[in-house]
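A.B. asks: Any chance you could fold what I've pasted below:
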Amino acid sequence: MDCALAPPGGDPMHCNTEPTPPRLDDSMLVDDSMLVDRDLWGIEIQLQFLIIKANEIENHIEDVEDGMENEPFSAMVRTFLYTCKPYFSYLESKARSKLPGQPPLAPCNRSRLLDFSQQLCVRLEQLVKAYANHQLLSLDETQTDSLSHFYVGQCQIDRVRVTMFWYCEPAPYLASGASGHYKRMRWNVARLRDGRKTDEEEEEEEEEGETAGDTEYYFLCCEDVPDVEDKGQLVIVGNGMKMWSIGQWVQTHPDPETKDIYDWILCEVPRAKYVKLLCLGSEEPSVRSATDSLLGALFP
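C.D. replies: Sure thing, here's the model as predicted:
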């Protein structure tokens, strides 16, 4: 039976070179739907600051010498990704959240915020892959210290919270056994419980994948589809193309409803299947377009 890695998590590593981005102005944190040019200018300045810091951190690769420990460089990248979380959270929440009594943003402002988010995601992927190419960190999520993916935002629609993660490169969907699918993005979709936890506690559980029974996991995946040509009695199979889809991570073992704790203790890797929800075609979607597709299917 196929085995899938449970959605991973973990506390970020810290180092002494943590950048300190400028704080978002109070006028940007209000809940009204209006954003004026001054607000958007300030948000874009923050984006440019983070991109400049990413450039500086990537330049540290030139300081690496043979025999040096990788951990300080890996910690530098992890810490920087952690400092980008509030910015991603603000952009995605402001652009996508739909709460009672809160009017939506104007389409042009929503588009600009999501463009900022997409730009930062692309730059962070480039940064992580640059360090991975120099063997300063690993993108293999089967390794405990890997940096296969990073947080790219969170939004809330009524009592449903959607948290987003982007994989730096397509990673095998299953930890063991070939499924033919490679994951590129993950969404944790949590049905929030009233009056039990603070927002901070809910967010921590959301990222760690620990809200069992309340959280569903969806993935953006690709698979290789061969070209098949039928010539009479001869079937020719050639090189095909990658097809992209969004599907749900559906656990098969241990039984999600089991009350036997030993089923969980004795299971090193939960088993699951990939249930397609949407077929997106042969062109790789961006974080923005993939999330638009998922939210459109979940909240028509």
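A.B. asks: List the neighbouring strands of the strand or helix carrying Asp224 plus their orientation.
C.D. replies: Assigning secondary structure by DSSP states H and E places Asp224 in strand 215-231. For strand 215-231, the pairing partners within the sheet under DSSP bridges are strand 181-191 (antiparallel), strand 234-253 (antiparallel).
A.B. asks: Contact partners for Thr181?
C.D. replies: Quick fix: residue 181 is His, not Thr. Residues in contact with His181 (Cβ atoms under 8 Å, 6 or more residues apart in numbering) are Pro172, Tyr173, Leu174, Phe219, Cys221, Cys222, Glu223, Gly247, Tyr274. All C-beta spots, glycine's among them, are computed from the backbone N, C-alpha and C.
A.B. asks: Could you report the distance from it to Ser74?
C.D. replies: Using Cβ to Cβ, to the nearest Å, one gets 28 Å for the distance from His181 to Ser74.
A.B. asks: what do you get for Cys221?
C.D. replies: 27 Å.
A.B. asks: okay, the two: which has more neighbours?
C.D. replies: Applying other Cβ atoms under 10 Å to Cys221 and Ser74 shows that Cys221 carries more neighbours, namely 26 against 20.
A.B. asks: For that one, give me its contacts.
C.D. replies: Going by Cβ under 8 Å, 6+ apart, Cys221 touches Tyr173, His181, Tyr182, Lys183, Arg184, Trp244, Ser245, Ile246, Gly247, Tyr274.
A.B. asks: Which neighbouring elements make contact with the strand or helix carrying Phe49?
C.D. replies: Element membership for Phe49 (DSSP H and E) is helix 37-59. With contacts defined as 3 or more Cβ pairs under 8 Å, 6 or more residues apart in numbering; DSSP states H and E, helix 37-59 has these neighbours: helix 71-96, helix 107-133.
A.B. asks: Against which helices or strands is the first one packed?
C.D. replies: Contact partners of helix 71-96 among helices and strands, from 3+ Cβ pairs under 8 Å, 6+ apart: helix 37-59, helix 107-133, strand 149-157, helix 287-298.
A.B. asks: same check, this time on the last one
C.D. replies: Helices and strands touching helix 107-133, as assessed by 3+ Cβ pairs under 8 Å, 6+ apart, comprise helix 37-59, helix 71-96, strand 149-157, strand 160-172, helix 287-298.
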